[in-house]
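Participant: following is a predicted model, sequence given first.
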Amino acid sequence: MRVSASGASQTLPGASFVVNGATPAKNSALTSAGAELRLANGVSLLAKFDGEFAAHSSTYAGTGTIRHTW
């Protein structure tokens, strides 16, 4: 199975494109987890983890955010 998607631009009529991607691994598990810690002074710390795990491959990513609200 090959992944393919097509799209078009609303702001530029007649312009279209095709995106081809890698074949996803069979029997893979997708996971996502996140946490937020709110501190008393309006600061929040956020973390997120995303992963895809299969028998012979794994892909994972993480993000971190510091937010200040006043």
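Facilitator: Noted; the coordinates are in hand. Worth saying up front: this structure is predicted, and the values here are computed from it rather than measured.
Participant: and the residue positioned nearest the centre of the chain, what pLDDT?
Facilitator: By CA atoms, centre = their mean, the mean C-alpha position of the chain lies nearest to residue 50, the distance being 7.0 Å. Looking at residue 50, its pLDDT reads 96.
Participant: for the helix or strand containing it, which strands pair with it and how are they oriented?
Facilitator: Using DSSP states H and E, residue 50 maps to strand 43-53. Strand pairing for strand 43-53, determined by DSSP bridges: strand 29-38 (antiparallel), strand 58-68 (antiparallel).
Participant: quick check: the gap between residue 57 and residue 63.
Facilitator: 21 Å (CB to CB, to the nearest Å). All C-beta atoms are positioned from the backbone trio N, CA, C, and that covers glycine.
Participant: okay, now the unreliable bits of this protein?
Facilitator: 1-12 (pLDDT under 70).
Participant: sec struct for residue 41, please.
Facilitator: coil (DSSP: H, G, I helix; E, B strand; the rest coil).
Participant: tell me who's in contact with the closest residue to residue 57 other than its chain neighbours.
Facilitator: In space, and not counting its chain neighbours, residue 57 is closest to residue 25: 5.3 Å by CB to CB, 6 or more residues apart in numbering. Contacts for residue 25 (CB atoms under 8 Å, 6 or more residues apart in numbering) come out as 52, 54-57.
Participant: again with residue 55
Facilitator: Going by CB under 8 Å, 6+ apart, the list of residues near residue 55 reads 25, 27.
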